[in-house]
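Below: sequence and its predicted model.
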Amino acid sequence: MSELLANQYSLDFLKKLLYDMLLLRRFEEKAGQMYGLQKIGGFCHLYIGQEAVAVGSIAALDIKKDYMITAYRDHGHALACGMDPKALMAELFGKATGCSKGKGGSMHFFDAKRHFFGGHGIVGAQISLGTGMAFKLNYQKEDGVVLCFFGDGAIHQGVFHESLNLAKLWHLPIVYVCENNQYGMGTAVQRVSAVTDLSIKSAAYDIPGKQVNGMNVLTVYEEVLAAVNQAKQQRLPSFLEIKTYRYKGHSMSDPGKYRTKEEIEAYKEQDPILILQKQMMAEKLLTEAEFQAMDSQIKQICNEAVAFAEQSPEPGLEALYQDVLVENQQ
């Protein structure tokens, strides 16, 4: 094994990072295909290009103790924390076997057992919820941390500032992760933010902030791991602006004409999957045959997920009234 990577990471760890990113990519490509065939309806926000953020960040967690919450572009986070692709595809299809019983759809993936608390459609709403989850960890004296993901389009919401202020006052174990993919829907971040270095915004609350290269999964892993350890050991919140890029439109209904082909092609040269693949192959940690076998296996998993979703039943009419109201059980 190469001295450069072998001294820092196990081969199994590197292969898992590559596998997980490739699974995210192929799942999203299949979801986009199914949307085009009208098998999936409603909103659908793909994660293609941003794979290193979810995979690298969640690799730094202990799922048994730690928690995560995100916005509506949630497919990648759900897969990265180990949710079943079949249950996720079924949810996209609106089927009863979906992770939210077919009632949540693309924006509301959820798995309490894996400490993945959504999937939230209201811009910025999950920031306050993530802060509350961190308060719970402190209140119950649990040894855990919360990763709270949101996009650059949510950073000017008042709830961002209110949450960071309370997190600092109460010494909450939370890492706020802004996935800056350069655009809030179709508007470039520099057109809406007087400050383009978003990482400095946390300084107003005496919370350390840092910009991170979100196109390199190992960089993301190292930076998030440091922030996670700091949160656990010192009960100190932190803020990471992870700069990434989405190769597709904001949602399936967005043709992305506000971007030039040259811009997209330039960012495709920074594809996080290709970066890790090439580095591992250059250092003889991976062969082309091994990569192709991995890709074939993942494509089969995605095909099986579609078959499962298509064969699954629709929710019954009684589902309209289930999980809507919690009645007093006393």
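Yes, it's here. Residues are numbered from 1 along each chain as shown.

For Leu147, give me phi and psi.
Leu147 adopts backbone torsions of phi -100, psi 120, taken as degrees, to the nearest 10.

which residues does it bridge with?
Going by DSSP bridges, Leu147 is paired in beta bridges with Met68, Val175.

now do the same end-to-end measure for stretch 66-81.
One end of stretch 66-81 sits 11 Å from the other (C-alpha to C-alpha, to the nearest Å).

so how far is that stretch from its chain's centroid?
Here the centre of stretch 66-81 is set off from its chain's centre by 4 Å, with C-alpha atoms, centre = their mean, to the nearest Å.

what residue ranges in the protein are flagged as low confidence?
Low-confidence segments of the chain (pLDDT under 70): 1-3, 6, 329-330.

Next, please give the residue ranges for the helices of the stretch 1-150 of the chain.
3-6, 11-36, 51-58, 75-80, 85-92, 125-139 (DSSP state H, counting those that start in this stretch).

One more: the stretch 151-300 of the chain?
Using DSSP H, counting those that start in this stretch, helices in the stretch 151-300 of the chain cover 158-169, 217-234, 261-268, 272-282, 288-311.

Residues in contact with the longest one: which ones?
In other words, helix 288-311. By C-beta atoms under 8 Å, 6 or more residues apart in numbering, the list of residues contacting helix 288-311 from outside reads 15, 18-19, 22-23, 26-27, 29-30, 34, 39, 85-86, 88-90, 92-93, 95, 97-98, 277, 281. For every residue, glycine as well, the C-beta is placed using N, CA and C.

quick check, distance from that helix to the centre of its chain.
21 Å.

got the buried residues for that helix?
Buried residues in helix 288-311, counting neighbours by 16 or more other C-beta atoms under 10 Å, are found at 291, 294-295, 298-299, 301-302, 305-306, 308-309.

Over to stretch 132-147?
Buried positions in stretch 132-147, judged by neighbour count with 16+ other C-beta under 10 Å: 132-135, 137, 144-147.

Check stretch 40-56 too.
The neighbour-count check on stretch 40-56 (16+ other C-beta under 10 Å) flags 40, 44-56 as buried.

Check the buried residues of helix 288-311 against Lys248 and report the nearest one.
Cys302 (16.6 Å; C-beta to C-beta).

if we can go back for a sec, which of the buried residues of stretch 132-147 sit farthest apart?
Phe135 and Leu147 (15.2 Å).

didn't Val175 look like it was pressed against Leu225?
No: with contacts counted by C-beta atoms under 8 Å, Val175 stays clear of Leu225, the gap being 10.0 Å.

which one of these two has more residues nearby?
Val175 (29 against 15; other C-beta atoms under 10 Å).

mind listing what the spatially most central residue of the chain touches?
By C-alpha atoms, centre = their mean, the chain has its centre lying nearest to His77, at 3.3 Å. Residues in contact with His77 (C-beta under 8 Å, 6+ apart) are 54, 58, 68, 70, 109, 116, 149.

Ranking by neighbours, what's the top pick from the residues you listed?
The residue in these with the most neighbours, by other C-beta under 10 Å, is Ala54 (33 neighbours).

and the gap between that residue and Arg259?
In this view, Ala54 and Arg259 are 22 Å apart by C-beta to C-beta, to the nearest Å.

tell me the contacts of Ser312?
Ser312 touches 90, 93, 95-98, counting by C-beta under 8 Å, 6+ apart.

Would you mind listing which of the residues you listed are buried?
Neighbour-count burial (16+ other C-beta under 10 Å) applied to those gives 90, 93, 95, 97-98.

Closest to Asp254 out of those?
Phe93 (21.5 Å).

wait, isn't the closest one in contact with Leu37?
No: using C-beta under 8 Å, Phe93 is not in contact with Leu37, being 11.0 Å away.

Verify the stated contact: Glu29 with Glu51.
No: using C-beta under 8 Å as the test, Glu29 is too far from Glu51 to be in contact (11.7 Å).

how far away is Ala154 from Leu172?
19 Å.

Those two: which is more packed in?
Neighbours were counted for Ala154 and for Leu172 using other C-beta under 10 Å; Leu172 has more, 25 against 20.

Touching, that one and Lys232? I think so.
No: contact between Leu172 and Lys232 fails when scored by C-beta under 8 Å: they sit 11.5 Å apart.

Distance-wise, check Gln230 relative to Val324.
Following C-beta to C-beta, the distance that separates Gln230 from Val324 is 40 Å.

neighbour-wise, which of the two wins?
Per other C-beta under 10 Å, whichever of Gln230 and Val324 has more neighbours is Gln230, with 17 against 8.
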